[in-house]
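A.B. asks: return atomic coordinates for the entry below.
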Amino acid sequence: MFLKEIIRDADEICNHYFDLLGSGKINLGSKINWHQDFKSKKIWPYWLPSWLIRYEFGKGFDIKVPWELSRFYHLPILAKAYNLTGNKKYIQEIQEEILDWIKKNPYGFGVNWKCTMEVAIRACNWCLIWQYIKDLDELDRKFIKIFLNSLYQHGKFIYSHLESGHSNHYLSNLVGLVYLGIFFPDFKESKKWLKKGIKGLEEEIRTQVNEDGCNWENSISYHRLVTELFGYSALFCKLNNIELSDYFWNKLRKMFDFAAYYIKPNGRIPQLGDNDNGRLHIFNDYYNWTVNDHRYLLDLAREIWKDYKSPEVKSKSFFHSGYYIIRHNDNYMFITANKVGTGELGNHKHNDILSFELQINGRDFIVDPGTYVYTSYPEWRNKFRSTVFHNTVVVDNEEQNRFVKNNLFSLRSDAKIKINKWEIHKDFDILDAEHNGYARLRDPVIHRRQIIFNKKDNYWIIKDILTGRGRHSFDLYFHFSQIALERDSENSLFIRTKNVSGLNLAVFPLKTKDLNLSIRKSWISPSYGIKIPAPVVKYSKITETPTEFVTLFLPFKNFMPDIDSIKKTVKDFLENNEKLKI
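C.D. replies: Predicted coordinates for the structure are as follows:
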């Protein structure tokens, strides 16, 4: 089956079918237009110097589409198909595509030389494919000369156009230099590139990775990208006897350990922060790889360290980064309690403070809606990173951290976080945290959230405490995955999932005064460029501070337990346990 899948994918690549960033599978014709967003049909001029290409926002087209195609993620599939079949058409396709790209993308011109990150990732994938094909008799000598000359140009471009700041962009630039320095030692600048790249890797792992092993951009998907960037370059350094410090190796191992903790029992991830499907390499299932499955990172860790063993995953805090994971059997909750990341720039951070994802028995119930798009539709970009699009409390329809006008990749650092309690016990786990993002209002408000998981009886209590002064509107949101919801016929504030195979979830408030409930159609984005409808539950009230929301999440299988008896059980649990006096 694996063989059939590789050949199937390789044949579709040869026929120029591509499915990128939500496009759906599209045939690009006999000659690929490397300068086109084939989703919108926008074409950037190939003859314009790349520095004159403008990022344009809000016009319905996306510069990431031609960039994504020109990363050449698909080349390893063609090489694998050749190795499995011996069919020369796959090697011919590699040569024809690369030669066509080089011809139509002259050095420093057009959209595909605009961003050094794109140049570097393309160079890395070309370096990789060279290792597959360099000894084949089928290679044309003209191709080899043109290809190696272009790779040399890629190296010169990267070195002279390094992107500023401590970012995944700059890191990718460094990784490009490391790859080129290792795989092409005969280039006259190779030693200089490699030295710059290695020195930069050491510096950036100190800056971009927190002490607990989490990437500082406050995005799980960007943690994946950065782990790949550090991980693959470290692997090639190790294979080529290039030394990296003990500090580097220890920090890198922590990055993989974090991944082991955040990967859900069903293999998927929580979509906290931005997700643009970013990768360094794609080796398998080019058309069908699951964007939010990060389990392969642990395979990469085992390639780097043959003795690598994933940590025993259980409830754990990543205090430096503001992530808290509650795990017990097949119960999983990931909670965000972190400040604006990337040195308070907030480029890939969402307004998700005290938000969470909840998975039970391998089924996602409460989810982060994701990202959808970046520049093509600014209004959607801002919706998906807004507080309303997360599972937390919104006060007076304000943001936890204000947006920066005309900047889709920045947040003001308004909210400061305080962790009051984080405890793991035999029968329950508890997190008590708060933020002051609404303290800037004329009548300030502090949002404090207490989350208790009763492991013994298998239910969750979330208590939201709003203190301050004045009268405010308070909205508490819970975004569900694509699950049908229904209201209870007797209690209009009580909802439950409907017809979920194996397990359902009941959600009902334990304090109902002044409370209103609405269930609306909203959106979730499982992958960049895709949005699908899903329900959101909103509990609302307009009242004086202080006030509270207290919400119970109760999994059940066949029949819903009696609500009154459940309420009494919860009340007794809270009142009779001294460690829960919060």
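A.B. asks: three-state assignment of the residue nearest the centre of the chain?
C.D. replies: Nearest to the geometric centre of the chain sits residue 221, at 2.0 Å (C-alpha atoms, centre = their mean). Assigned with DSSP: H, G, I helix; E, B strand; the rest coil, residue 221 falls in the helix class.
A.B. asks: contacting residues for it?
C.D. replies: 269, 271, 273-278, 292 (C-beta atoms under 8 Å, 6 or more residues apart in numbering). For glycine as for every other residue, the C-beta is placed from the backbone atoms N, C-alpha and C.
A.B. asks: out of those residues, which sit inside helices?
C.D. replies: Using DSSP state H, no member of the contacts of residue 221 sits in helices.
A.B. asks: hmm, back to that, against residue 262, how distant is the residue nearest to the centre of the chain?
C.D. replies: Relative to residue 262, residue 221 is positioned 11 Å away (C-beta to C-beta, to the nearest Å).
A.B. asks: give the residues shared as contacts by those two.
C.D. replies: Once C-beta under 8 Å, 6+ apart is applied, the residues that residue 221 and residue 262 both contact turn out to be residue 269.
A.B. asks: name the element the residue nearest to residue 209 when sequence neighbours are not counted belongs to?
C.D. replies: Leaving aside its sequence neighbours, residue 209 sits nearest to residue 251 (C-beta to C-beta, 6 or more residues apart in numbering; 5.4 Å). Assessed by DSSP states H and E, residue 251 sits inside helix 246-262.
A.B. asks: quick one: name whatever helix or strand follows that helix.
C.D. replies: Heading C-terminal from helix 246-262 (DSSP H and E), you reach helix 296-304.
A.B. asks: and that following helix, what's buried?
C.D. replies: By neighbour count with 16 or more other C-beta atoms under 10 Å, helix 296-304 contains the buried residues 296-298, 300-301, 304.
A.B. asks: include pLDDT when you put those residues into TSV, please.
C.D. replies: Formatted as TSV, the buried residues of helix 296-304 follow (pLDDT from 0 to 100):
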residue	pLDDT
296	97
297	98
298	97
300	98
301	98
304	98
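A.B. asks: quick one: those as TSV, columns for distance to residue 209 too.
C.D. replies: Below are the buried residues of helix 296-304 laid out as TSV (distance: C-beta to C-beta, whole Å):
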residue	distance to residue 209
296	20
297	14
298	17
300	16
301	15
304	15
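A.B. asks: ramachandran coordinates for residue 545?
C.D. replies: Backbone torsions of residue 545, given as degrees, to the nearest 10, read phi -90, psi 150.
A.B. asks: scratch that, residue 29 is what I was asking about
C.D. replies: Residue 29 adopts backbone torsions of phi 90, psi 180, taken as degrees, to the nearest 10.
A.B. asks: that one touches residue 16, doesn't it?
C.D. replies: Yes - judged on C-beta atoms under 8 Å, residue 29 makes contact with residue 16 at a distance of 6.3 Å.
A.B. asks: what about residue 143, distance to residue 129?
C.D. replies: Residue 143 sits 12 Å away from residue 129, going by C-beta to C-beta.
A.B. asks: now swap in residue 390 and tell me
C.D. replies: Per C-beta to C-beta, residue 390 is found 40 Å from residue 129.
A.B. asks: more crowded one of these two?
C.D. replies: Between residue 390 and residue 129, counting by other C-beta atoms under 10 Å, residue 390 is the more crowded of the two (25 against 19).
A.B. asks: what pLDDT does the residue nearest to that one when sequence neighbours are not counted get?
C.D. replies: Excluding the flanking residues, the one nearest residue 390 by C-beta to C-beta, 6+ apart is residue 355, at 3.9 Å. Looking at residue 355, its pLDDT stands at 98.
A.B. asks: show me what contacts residue 355?
C.D. replies: 272, 335-336, 368, 390-392.
A.B. asks: residue 34 touches residue 70, doesn't it?
C.D. replies: Yes - assessed by C-beta under 8 Å, residue 34 is found in contact with residue 70 at 5.8 Å.
A.B. asks: between these two, which contacts overlap?
C.D. replies: With C-beta under 8 Å, 6+ apart as the test, residue 34 and residue 70 both reach 101, 105, 112.
A.B. asks: buried ones among the residues you listed?
C.D. replies: Taking 16+ other C-beta under 10 Å as the criterion, what is buried in the shared contacts of residue 34 and residue 70 is 101, 105, 112.
A.B. asks: and the contacts of the helix holding residue 251?
C.D. replies: Contact partners of helix 246-262, identified using C-beta under 8 Å, 6+ apart, comprise 201-202, 205-206, 209, 212-215, 220, 223-224, 226-227, 230-231, 234, 269-270, 294, 297-298, 300-301, 304-305, 308, 310-311, 313, 316, 318, 323, 325, 327, 334.
A.B. asks: how about 7 Å then?
C.D. replies: Residues outside helix 246-262 that contact it (C-beta atoms under 7 Å, 6 or more residues apart in numbering): 201-202, 205, 209, 212-214, 220, 223, 227, 230-231, 234, 269-270, 294, 297-298, 301, 310-311, 313, 316, 318, 325, 334.
A.B. asks: next one: the residue nearest to residue 550 when sequence neighbours are not counted relative to residue 461, how far apart?
C.D. replies: Excluding the flanking residues, the one nearest residue 550 by C-beta to C-beta, 6+ apart is residue 510, at 4.2 Å. Residue 510 sits 8 Å away from residue 461, going by C-beta to C-beta.
A.B. asks: between the two, who's got more neighbours?
C.D. replies: Under the neighbour definition other C-beta under 10 Å, residue 510 and residue 461 were set side by side, and residue 461 has more, 21 against 17.
A.B. asks: so residue 46: helix, strand or coil?
C.D. replies: Per three-state DSSP, residue 46 ends up coil.
A.B. asks: ok, now how distant is it from residue 53?
C.D. replies: Distance, residue 46 to residue 53, using C-beta to C-beta: 10 Å.
A.B. asks: ok, now residue 436?
C.D. replies: 42 Å.
A.B. asks: just residue 119 next, same as before
C.D. replies: Applying C-beta to C-beta, the value for residue 119 to residue 53 is 13 Å.
A.B. asks: of these two, who's got more company?
C.D. replies: Taking other C-beta under 10 Å, residue 119 and residue 53 do not tie; residue 119 has more neighbours (25 against 19).
A.B. asks: pretty sure the more buried one contacts residue 113?
C.D. replies: Yes - counting by C-beta atoms under 7 Å, residue 113 is a contact partner of residue 119 at 6.4 Å.
A.B. asks: excluding chain neighbours, what is closest to residue 484?
C.D. replies: Among residues not flanking residue 484 along the chain, residue 498 sits closest, at 4.2 Å (C-beta to C-beta, 6+ apart).
A.B. asks: distance check, that neighbour against residue 359.
C.D. replies: Distance from residue 498 to residue 359, by C-beta to C-beta: 18 Å.
A.B. asks: the more surrounded of the two?
C.D. replies: Neighbour comparison, residue 498 and residue 359: the larger count goes to residue 359, with 22 against 10 (by other C-beta under 10 Å).
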